[in-house]
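Student: Whatever this is, show me its structure:
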Amino acid sequence: MFEFLQGFAYGLFLSCLPWFLIGMVDPRLAVPTEPPSRWQAILRYWFIVPFVAFLLWLTSLWGGFGPSFLGWLAGLAGLAVEIPVERWWRRWRRRRDDKRRAALEAAEVRRQHAEFERTQREDGVAELDPAAPPVDADDVVLALCRAKRSLIDTRRTDLAAQADRLYSRYAHVLDVLDSKFDRRELTFDRSRSMVGQVCLTAADNLNAMGSLAAGTVGIDADFVRRRLKQTDQRLHADEREALQQRLDLVADTERRLRDLSARNEAAMTTLDNAAVVMARVETDRPQAAVAADQALTDLQRFMDKAERYGHKA
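Tutor: Below you'll find the model as predicted:
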């Protein structure tokens, strides 16, 4: 054992010179670290490896003096084996660290996204799952699911939250109608039909928002802004003009999205008013029909405005 160790120390020490010369010519062949440099080759083959060989030689003297031939061969081949193994180990560790870092960053992005959605979501708002609509979903709820899916596909979850809010108000108004009117009454049919029309109009707005957002989904506005901030002469005037036009497209799309979002907010306000008015109705009093008619008038007024907006668009 000590003979092999002594021979290994001699072989390792003698192999330092050729590996040092290789490192001076091309550090990538002799240095397994990234990025390789000649200073690392000098440090490794003039100090570290000779010191390790010296320690092994001192340890082997406990068995006397008599290096083995196999130890010599193993020492000469030791660095040729160690360098590829260390290079593989370092790359594997770097890949592992990159994956771990990417996972942490993705988790942080998801956490921030969830936090943002929580701050944007109203209390008591039910969440629609476009992939699994409610069992009793009617045409209005299905339309909202489709609209939400189109917005999610364009990575605009901030706008998709409006579908949840509209669904919650739609369900609430229907619950109020069920509690206040008999399903056989004409007022119930008229109210339900108009509430459905308001929500379908809002769903059409959401679909339009999804189409608008899909048009700019491939434009990285942050990248364009960074490029426009560059004052280097290498940024050609034609390129700067093209980047500005691209940014103008994003700005115009965002303006249209805000307009459609404002219309949906108006629709939700109308549904809230209708729910409040219907909840105040006492069906056993003569004024009940008057209050219900007032709520229907508000809904009809909103539908007329929505139709005019549609013609203007």
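
Student: So which elements touch the helix or strand harbouring Val176?
Tutor: Per DSSP states H and E: Val176 is located in helix 157-180. Under the contact criterion of 3 or more CB pairs under 8 Å, 6 or more residues apart in numbering; DSSP states H and E, helix 157-180 touches helix 69-120, helix 139-153, helix 186-215, helix 237-280. In short, each C-beta sits where N, CA and C put it, glycine included.

Student: Based on its surroundings, how many neighbours for Leu5?
Tutor: With neighbours defined by other CB atoms under 10 Å, the count for Leu5 comes to 20.

Student: residues contacting Thr216?
Tutor: Thr216 makes contact with Leu249, Val250, Thr253, according to CB atoms under 8 Å, 6 or more residues apart in numbering.

Student: if we can go back for a sec, state the mean pLDDT of the helix holding Val176.
Tutor: Mean pLDDT, helix 157-180: 85.

Student: how distant is it from the center of its chain?
Tutor: 27 Å (CA atoms, centre = their mean, to the nearest Å).

Student: same deal with stretch 148-167?
Tutor: Taking CA atoms, centre = their mean, one finds stretch 148-167 lying 15 Å from the centre of the chain it belongs to.

Student: start to end distance for that stretch?
Tutor: 11 Å (CA to CA, to the nearest Å).

Student: Equivalent analysis for stretch 211-219, please.
Tutor: 15 Å.

Student: go on, stretch 60-67?
Tutor: Terminal residues of stretch 60-67 lie 9 Å apart, using CA to CA.

Student: now it: how far from the chain's centre is it?
Tutor: 63 Å.

Student: how close does Asp238 sit to Arg256?
Tutor: From Asp238 over to Arg256 the distance is 27 Å, taken as CB to CB, to the nearest Å.

Student: Sort out which residues of the helix holding Val176 are buried, please.
Tutor: For helix 157-180, a neighbour-count test (16 or more other CB atoms under 10 Å) marks 159-170, 172-174, 176-177, 180 as buried.

Student: can I get the helices and strands packed on helix 157-180 in JSON lines with distance to Leu128 and mean neighbour count?
Tutor: As requested, the helices and strands packed on helix 157-180 are arranged in JSON lines below (distance: least, CB to CB, whole Å; neighbours: other CB atoms under 10 Å):
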{"stretch": "helix 69-120", "distance to Leu128": "13", "mean neighbour count": "12"}
{"stretch": "helix 139-153", "distance to Leu128": "6", "mean neighbour count": "20"}
{"stretch": "helix 186-215", "distance to Leu128": "11", "mean neighbour count": "19"}
{"stretch": "helix 237-280", "distance to Leu128": "14", "mean neighbour count": "16"}
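
Student: Would you mind checking which of the contacts of Thr216 is nearest to Asp26?
Tutor: Val250 (48.3 Å; CB to CB).

Student: ok, now how distant is Leu76 from Gly11?
Tutor: 4 Å.

Student: Could you do Ala214 as well?
Tutor: Distance from Ala214 to Gly11, by CB to CB: 67 Å.

Student: which residues of this structure score low on pLDDT?
Tutor: 63-64, 113-114, 116-124, 187, 230-236, 281-313 (pLDDT under 70).

Student: Out of the helices and strands packed on helix 157-180, the one nearest Pro32 is which?
Tutor: Of all these, helix 69-120 sits nearest to Pro32, with 3.8 Å by CB to CB.

Student: other SSEs contacting that closest one?
Tutor: helix 2-25, helix 157-180.

Student: first to last residue in stretch 133-145, what's the distance?
Tutor: 7 Å.

Student: Met268 contacts Arg169, correct?
Tutor: Yes - here Met268 reaches Arg169: they are 5.6 Å apart, a contact under CB atoms under 8 Å.

Student: circling back: okay, the angle between the helix holding Val176 and helix 69-120?
Tutor: Put simply, helix 157-180 runs at 40 degrees to helix 69-120, going by axes from the mean of the first three to the mean of the last three CA atoms, to 10 degrees.

Student: Any chance of TSV for the helices and strands packed on helix 69-120, columns distance to Cys145?
Tutor: Putting the helices and strands packed on helix 69-120 into TSV (distance: least, CB to CB, whole Å) gives the following:
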stretch	distance to Cys145
helix 2-25	64
helix 157-180	7
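
Student: Ok, which of those helices comes nearest Arg280?
Tutor: Taking CB to CB, helix 157-180 is the member of the helices and strands packed on helix 69-120 nearest to Arg280, at 9.3 Å.

Student: Tell me how far Pro35 lies from Arg44.
Tutor: Counting by CB to CB, the gap between Pro35 and Arg44 amounts to 14 Å.

Student: And for Val140?
Tutor: Taken as CB to CB, the span from Val140 to Arg44 is 72 Å.
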